[in-house]
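S.K.: sequence? don't have it. structure:
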């Protein structure tokens, strides 16, 4: 988990089938298996990426967080 700004938090997490159906439109990511990089605010839950393993999702997470820190 990383706080991106005052209102956004980034996570790496698996999603159960119900959460996947609720937050991924039209099964465009190939199912609920794997790990997801998600951004959450007070009003939104947004899936940014899907990866086949926790390690791969962690690498994506690290890229996002390190890019965020350079922008500030």
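M.R.: That came through fine. Quick caveat: nothing in here was measured; it's all calculated off a predicted structure. Residues are numbered from 1 along each chain as shown.
S.K.: Name the nearest residue to residue 56, ignoring sequence neighbours.
M.R.: residue 35 (7.4 Å; Cβ to Cβ, 6 or more residues apart in numbering). All C-beta spots, glycine's among them, are computed from the backbone N, C-alpha and C.
S.K.: just residue 59 next, same as before
M.R.: In space, residue 59 is closest to residue 51, 7.7 Å off (Cβ to Cβ, 6+ apart).
S.K.: Please tell me I have it right and residue 39 contacts residue 49.
M.R.: No. Residue 39 is not in contact with residue 49 according to Cβ atoms under 8 Å; the separation is 10.1 Å.
S.K.: if I read this right, the residue nearest to residue 59 contacts residue 30, doesn't it?
M.R.: No. Using Cβ under 8 Å, residue 51 is not in contact with residue 30; the gap is 11.6 Å.
S.K.: who has more neighbours, those two?
M.R.: residue 51 (17 against 10; other Cβ atoms under 10 Å).
S.K.: got the contact list for the residue nearest to residue 59?
M.R.: 34, 35, 36, 37, 57, 59, 60 (Cβ atoms under 8 Å, 6 or more residues apart in numbering).
S.K.: try it again with 10 Å
M.R.: 12, 34, 35, 36, 37, 57, 58, 59, 60, 61 (Cβ atoms under 10 Å, 6 or more residues apart in numbering).
S.K.: That'll do, ta.
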